[in-house]
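Asker: generate coordinates for the sequence data below:
(one chain, ligands or ions: 1)
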Amino acid sequence: MAIRHLRLEGDDILKKKSREVDVVDEKIQILIDDMIETMHKYNGVGLAAVQVGVLKKVIVIDLYDDNGPIVLINPVILKTKGEHEVDEGCLSFPNQFAKVVRPEEVVAEYTDREGKRMRVKAKELLAQAICHEVDHLNGEVFIDKIIPGTLEYVEPEKN
Ligand code: NI
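Answerer: Numbering: from 1, shown residues only. Model (predicted):
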C-alpha cells in the first residue's frame, strides 16, 4: 500500500469525468488499497479516484464506525429523498468548509471490490458522502455548489 499524491484545488483533472471500471482487477485492488490509506492519512471521510489522479469510477468512504471502509465501484444514485443543509469539506480543498444542500437519503447501486453488484440505502453522513464522491466522478466539486456566504477557512490544528 502507498500514500498517493492528492490533487488539489486548481488542478484541471478535478473537472474531468471518470470512466467506468470494466474489470475489478489487481490494478484496481491496488488503487483501492492506496486510496483507503491516503484517505486515512488525511483524516478524510471519502475519496474519489480522480483525487489521486486516476479517472476511474472508484470511491472509498469511511465514517470511522463499525462498518470500516466502504468501496463503491461504478456507483449510480438511483433515488434521493428530502434535502437538508450540511457542513462539508473536501480533501482537495484543504481547510475549507461550507454549507451545501444534500439529500437526506439516497439509494445507490455499485459494484463492490469482489465484483458483486450491490445496492445501499444510505442516510445522513453516508448519503452526503456518496453524493459528494459521485459528484467528483462527474467532474463536479463541492465548492461550486456551496450556499453563498458560508465558506470558512479553518486553520489546521498543530500537533
Ligand atoms: Ni471531495
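Asker: going forward, measure contacts between C-alpha atoms and count neighbours the same way
Answerer: Fine.
Asker: pLDDT at Val120, what is it?
Answerer: Looking at Val120, its pLDDT stands at 97.
Asker: for Gly46, that is, sorry about that
Answerer: Reported pLDDT for Gly46: 98.
Asker: list the contacts of it.
Answerer: Shown in contact with Gly46 (CA atoms under 8 Å, 6 or more residues apart in numbering): 39, 59-62, 129, 133.
Asker: what mean pLDDT does the helix or strand hosting Ala108 have?
Answerer: Applying DSSP states H and E as the criterion places Ala108 in strand 105-111. Here strand 105-111 scores 98 as its mean pLDDT.
Asker: just give me the residue right at the centre of the chain.
Answerer: Geometric centre of the chain, nearest residue: Glu133, 2.9 Å, by CA atoms, centre = their mean.
Asker: show me what contacts that residue?
Answerer: Glu133 sits next to 46-48, 59 when contact means CA under 8 Å, 6+ apart.
Asker: likewise for Val76?
Answerer: Per CA under 8 Å, 6+ apart, neighbours of Val76: 108-110, 134.
Asker: what stretches of this protein score poorly on pLDDT?
Answerer: By pLDDT under 70, the low-scoring segments of the chain are 158-159.
Asker: in it, which spans are strands?
Answerer: In the chain, the segments counted as strands under DSSP state E are 46-48, 58-61, 70-81, 84-90, 93-102, 105-111, 117-123, 152-153.
Asker: how about the ones you listed, which one is nearest Glu9?
Answerer: strand 93-102 (5.6 Å; CA to CA).
Asker: mind checking the longest helix of this protein?
Answerer: The longest helix of the chain (DSSP state H) is helix 26-41.
Asker: what separates that one from the chain centre, distance-wise?
Answerer: 13 Å (CA atoms, centre = their mean, to the nearest Å).
Asker: ditto for stretch 4-19
Answerer: 12 Å.
Asker: identify each buried residue in it, please.
Answerer: By neighbour count with 16 or more other CA atoms under 10 Å, stretch 4-19 contains the buried residues 4, 6-9, 13-15, 17-18.
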